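In: With the input below, show me the fold.
(chains A and B)
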Amino acid sequence: MMAPASNGQSSDKGLFDFLDGVNRSSALLGNMWGLRSWLSRYGVVLAIEETDESLGNVTGGTKTGSVADGLTQILLQMDTQRAMGHYGGLFNLSLLNLHGNNISTSNLLSLQTASGIGGDPGTRLWEMWYDQKFLEEDRLDVKLGQISVDQEFMVSNNALYFINTSSGWPMLPSTDLPGGGPAYPLSALGLRFSARPVNGTQILAGVFNGSPTQRQNGDPQQLDPHGDSFPWGGGVLAIMEAQFSYPALGSMVEPGQNADLGWTYRIGAWYDSRSFADQRWDTQGLSLDNPASNGQAMQHQGDYAVYAVADRLFWRNANNPNQTLAWFARIMGTPLADRNLIDASANAGFVLHSPFIYRAPDTFGVSVDYAHVSPDAAALNADGNLYGAAQPVRSSETVYEMTYQYQLRPWIQLQPDVQYVINPGAGVTDPYLTGARIANEWVIGLRTNISF
Amino acid sequence: MSLFSPPHPMRHLLCALTVGIVCQQACAAEPQGMLETLHRHKFLSSTITDNGDENPYAVVVVPHDMGALEQNDVLVDNFNNISNLQGTGTSIVRYRPGTGNTRLFAQLPQHLAQCPGGVGLTTAMAILNSGWVIVGSAPSTDGTTATKGDGCLLVFDANGKLIETWADKNINDPWGNISWQEQGNQATLFISMAGFGLPGPDVLDPTTRLPVIKHQATVLRLNLDIPNGKPPVITHETVIGDHYAQRADRDNFLFGPTGTALGKDDTLYVTDGLENAIYAIDHASTRSAAQGTGRLLTENGLLAWPLAMLMTPQQHLIVLNGKNGQAVEVDAASGKQIYAHWLNTDQAQSPPGNGDLFGAALTPDGTGLYYVEDDINALAIGAAK
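Out: Numbers count the residues shown, from 1 in each chain, chains lettered A, B, ... in the order given. Prediction:
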């Protein structure tokens, strides 16, 4: 018989204690010298993640070269059941620090920027919200606070493996909504409902401030450089999305049944009540490129778009269940060509999990992203040519991407990436070559994700 | 199915309508088993402890009031520490259905001299009517079997106080859920041991390029005497099953026999994840020697790396899949796979629920399931109503 043990943690070996488990720990710093377990006593989880990348265009663009950028994310979440015995509550706070430069603005001038983490350098509050579950089986869930809409709406789970920004928040709202919409690295005050009337069906509905910034004239990240202005009263952005998925919780599978492996389909629409500037005409009815124009774009009340997203797992290796292949597709469109630069955007691709033997955490993917310039915006370019501008008429931009996410350790992933951009900026003029479009771009890069 | 067949919501709608028509004719019939009767699935509680332990494994239900425990409380242990290192979890939590509260029941230090290699609590857990809680440890210091110890069985009283530690040559990483039966002051436990001869996860078979497969895992029967008011004492140890497949794994610690369930006819059923099979050992409580892996009851089909297993009052086996979020029901007598039921549908994993399920236990009335969800570190219930 042995003496009873005392309560306690593993022995503290000092500053480098975390190295004991560095090969398999999910975070480089492990317990962070006791900070994480101290926070855990209060139901709080701390995550710190560093993403750094170097992307370079070897052809095309306004110039060739490579650019480094990075993102530090700090996330704090408190489970109210663990903290204070209150069931179903989650408080979330996230902070961002963006650093480095942006190759898409310096070299590429592409609409669909090469990196989803790119932005203006600085430190900012991102999200701060409280989420509460209601009803039996948690069939209703309400979130309130400063929310980044791209974390829940219009999401393709498979697209999230890719680096290009349009794989996350789609190109259409990113271009057309005020400030690019309340999406990374921005957010907006809002209220979101999520209901699950039957298993396998989820209804999301949210109402958010119509713009992530109070003013609209300028770079939205600079207008609210720390994310702490909490603008309110700038119209309303309303989004509703219905999600249908298989398997549904509790669904049955019969022996020999050729059951689907898993899919999620989403359909949705958004409406923003703010004023939107016409893409072509001024308030006098003249083309904005007409030398006689007063430069004041005609205004339209409201804007909307509809979208659909599909993620489907369609193959699994019978000898290696970890090796699976999925496809995804997302399309969004609006008929309002007069007030939108982009009237349609789409993403599609394939994702292969565990591409090699004994590499279960790795992922390989290929994708294509597409953005179409609205006829009115294109007509403005044609108008300019009538008045002697000699500029290309913008049409569309397509990006092909191939990526491999390699887990070096559970806390560090390396992600080599190749992108090919066709008709960058949908055909905008190269500022260094008068009247010529920017040449197509090969972009190569390496991203590193580290969880601290 | 064609690889590129387009999504067709109408097809699913038609399927649902067809099922509805068939159901009008067939649903009035007696249920074939238990899983089809589970219509309510509910998150009950986080299983993360104050020290941040995670990855819940074992689930057992308290049979009656004892010490700090009340009848129908649910005990859950954690296999990982706050850094998510496998084989380093040291805590057991207690969930109380009446109040919904979860509290720490027991916590150990990482290292115990009497437990070779330290503490990493596994799916092996039993709670005896006499108030003793017996838990397996398959420890590691780096989260892999490269640093694994032989581990031990830990005996707690009903207040969560560690009383005894059992370690000997027959005990090596007690891994799978414990089956047990009690009679007066005696108890019989059946525990799978998955650690014998197991190397680290980077020792690869040059042919498969996967970690080498060993066939040294066993099922051990422990006969216990439980003197009144005193801790249980091992009176006999008998290896009743051996040569089960096992191998280390970088991401899953190890694959090995993980589930046991005892039938009324004294047959012990054992899941073998690597072979994707369930075996049956006859005369489990009386046999004096190993029967190898036992006779094959069923394999493949709906099974996808079967883990923990339990026996329903109907004498059906319910086994939780490791490679998807399904529970599979099997007729223990015939070996017929009846159907599977999606308990975890998390599509963050591929296939959905991959790696999320592990331990499970019947609810006290025998009509529902408590189960853990490792993706969210939670205890959940699947119930009829």
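In: what about the chain, any weak spots by pLDDT?
Out: In the absence of a named chain, chain A is used. A:1-13 (pLDDT under 70).
In: Oops, wrong one, chain B.
Out: In chain B, residues with pLDDT under 70: B:1-28.
In: For chain A, what is the nearest residue in it?
Out: Closest contact between chain B and chain A, by Cβ to the nearest Cβ, is at residue B:143 (3.2 Å). Just so you know, the C-beta spots here come from the backbone N, C-alpha and C atoms, and that holds for glycine as well.
In: Could you verify that that residue is part of a helix?
Out: No: assessed with DSSP: H, G, I helix; E, B strand; the rest coil, residue B:143 is coil; it does not lie in a helix.
In: Setting aside sequence neighbours, what's the nearest residue to the residue of the stretch 1-150 of chain A found nearest chain B?
Out: Residue of the stretch 1-150 of chain A nearest chain B, by Cβ to the nearest Cβ: residue A:24 (3.2 Å). What sits nearest to residue A:24 in space, not counting adjacent residues and going by Cβ to Cβ, 6 or more residues apart in numbering or on different chains, is residue B:143, at 3.2 Å.
In: And for residue A:240?
Out: Using Cβ to Cβ, 6+ apart, the closest residue to residue A:240 is residue A:205 (4.6 Å).
In: Report the beta-bridge partners for that neighbour.
Out: Legend: beta-bridge partners of residue A:205 under DSSP bridges are residue A:193, residue A:240.
In: ok, now which ones touch it?
Out: Neighbouring residues of residue A:205 by Cβ atoms under 8 Å, 6 or more residues apart in numbering or on different chains: A:192-194, A:238-241.
In: For the stretch 151-300 of chain B, which residues are neighbours of chain A?
Out: Residues of the stretch 151-300 of chain B lying near chain A by Cβ under 8 Å from any Cβ of the partner chain: B:161-165, B:204, B:208-211, B:231, B:250-251.
In: Make TSV from these and add distance to residue B:260 and neighbour count to it.
Out: Shown next, in TSV, are these (distance: Cβ to Cβ, whole Å; neighbours: other Cβ atoms under 10 Å in any protein chain shown):
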residue	distance to residue B:260	neighbour count
B:161	27	14
B:162	24	24
B:163	24	17
B:164	22	19
B:165	22	20
B:204	29	15
B:208	27	12
B:209	31	10
B:210	25	16
B:211	24	23
B:231	23	16
B:250	26	22
B:251	24	16
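In: what about the spatially most central residue of chain B, distance to residue B:233?
Out: Chain B has residue B:308 as the residue nearest its centroid, 3.0 Å off, counting by Cα atoms, centre = their mean. Taking Cβ to Cβ, to the nearest Å as the measure, residue B:308 and residue B:233 are separated by 27 Å.
In: Residue A:187 now?
Out: Residue A:187 is 62 Å from residue B:233, by Cβ to Cβ.
In: With neighbour numbers in mind, choose between those two.
Out: For residue A:187 versus residue B:233, neighbours defined as other Cβ atoms under 10 Å in any protein chain shown are more numerous around residue A:187 (29 against 12).
In: now the closest residue to chain B within the stretch 301-450 of chain A, what's its secondary structure?
Out: Per Cβ to the nearest Cβ, residue A:321 is where the stretch 301-450 of chain A lies closest to chain B, at 4.0 Å. Three-state assignment for residue A:321 (three-state DSSP): strand.
In: Could you pull up phi and psi at the nearest residue to it once chain neighbours are set aside?
Out: Leaving aside its sequence neighbours, residue A:321 sits nearest to residue B:323 (Cβ to Cβ, 6+ apart; 4.0 Å). Backbone torsions for residue B:323, taken as degrees, to the nearest 10, come to phi -100, psi 0.
In: Spit out the contact partners of residue B:323.
Out: Residue B:323 sits next to A:321-322, B:304-305, B:351, B:354-355 when contact means Cβ under 8 Å, 6+ apart.
In: same thing but 10 Å
Out: A:316, A:320-322, B:273, B:276, B:303-307, B:349, B:351, B:353-355, B:357 (Cβ atoms under 10 Å, 6 or more residues apart in numbering or on different chains).
In: Strands of the stretch 151-300 of chain B, start to end?
Out: Using DSSP state E, counting those that start in this stretch, the strands of the stretch 151-300 of chain B run over B:152-156, B:162-166, B:179-183, B:186-193, B:213-225, B:233-249, B:253-255, B:257-262, B:268-272, B:277-281, B:295-299.
In: other SSEs contacting the longest one?
Out: Think strand B:233-249. When contacts are defined as 3 or more Cβ pairs under 10 Å, 6 or more residues apart in numbering or on different chains; DSSP states H and E, strand B:233-249 sits against strand B:162-166, strand B:186-193, strand B:213-225, strand B:253-255, strand B:257-262, strand B:268-272, strand B:277-281.
In: Show me what the fourth one pairs with in its sheet, parallel or antiparallel.
Out: Yep, that's strand B:253-255 we're talking about. strand B:233-249 (antiparallel).
In: Identify each buried residue in the strand it pairs with, please.
Out: B:234, B:238, B:240-242, B:244-249 (16 or more other Cβ atoms under 10 Å in any protein chain shown).
In: same deal with stretch A:344-362?
Out: For stretch A:344-362, by 16+ other Cβ under 10 Å, it's A:344-349, A:351-355, A:358-362.
In: Out of those residues, which comes closest to residue B:226?
Out: Checking the buried residues of stretch A:344-362 against residue B:226 with Cβ to Cβ, the nearest one is residue A:360 at 43.4 Å.
In: quick one, phi psi at that closest one?
Out: According to degrees, to the nearest 10, residue A:360 has phi -60, psi -40.
In: before we move on, back to that, can you redo the residues of the stretch 151-300 of chain B next to chain A as a markdown table with distance to residue B:115?
Out: As requested, those are arranged in a markdown table below (distance: Cβ to Cβ, whole Å):
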| residue | distance to residue B:115 |
| --- | --- |
| B:161 | 16 |
| B:162 | 10 |
| B:163 | 13 |
| B:164 | 11 |
| B:165 | 5 |
| B:204 | 29 |
| B:208 | 33 |
| B:209 | 34 |
| B:210 | 30 |
| B:211 | 25 |
| B:231 | 16 |
| B:250 | 24 |
| B:251 | 25 |
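In: Find the nearest non-adjacent residue to residue 35, please.
Out: You didn't say which chain, so I picked chain A. Nearest one to residue A:35, counting by Cβ to Cβ, 6+ apart, is residue A:46 at 7.0 Å.
In: That was the other one, I meant chain B.
Out: Nearest residue to residue B:35 in three dimensions, chain neighbours excluded: residue B:341, at 3.8 Å (Cβ to Cβ, 6+ apart).
In: what's the closest of the buried residues of strand B:233-249 to residue B:316?
Out: Using Cβ to Cβ, the buried residues of strand B:233-249 come closest to residue B:316 at residue B:241, 21.1 Å.
In: got a list of what that closest one touches?
Out: So residue B:241 contacts B:190, B:192-193, B:217-221, B:257, B:260, B:268, B:270, B:272, B:279-281, B:284, B:287, B:290-294 (Cβ under 10 Å, 6+ apart).
In: follow-up on the earlier one: what are the C-alpha coordinates of the helix or strand containing the residue nearest to the centre of chain B, in PDB please?
Out: Taking DSSP states H and E as the definition, residue B:308 sits inside strand B:306-311. Extracted C-alpha coordinates of strand B:306-311, given in PDB (Å, rounded to 0.1, in the frame of the first residue of the first chain):
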ATOM      1  CA  PRO B 306     -13.900  -0.100 -32.600                       C
ATOM      2  CA  LEU B 307     -13.100   1.300 -29.200                       C
ATOM      3  CA  ALA B 308     -15.000   1.100 -25.900                       C
ATOM      4  CA  MET B 309     -17.900  -1.400 -25.800                       C
ATOM      5  CA  LEU B 310     -20.800  -2.100 -23.500                       C
ATOM      6  CA  MET B 311     -23.600  -4.700 -23.200                       C
END
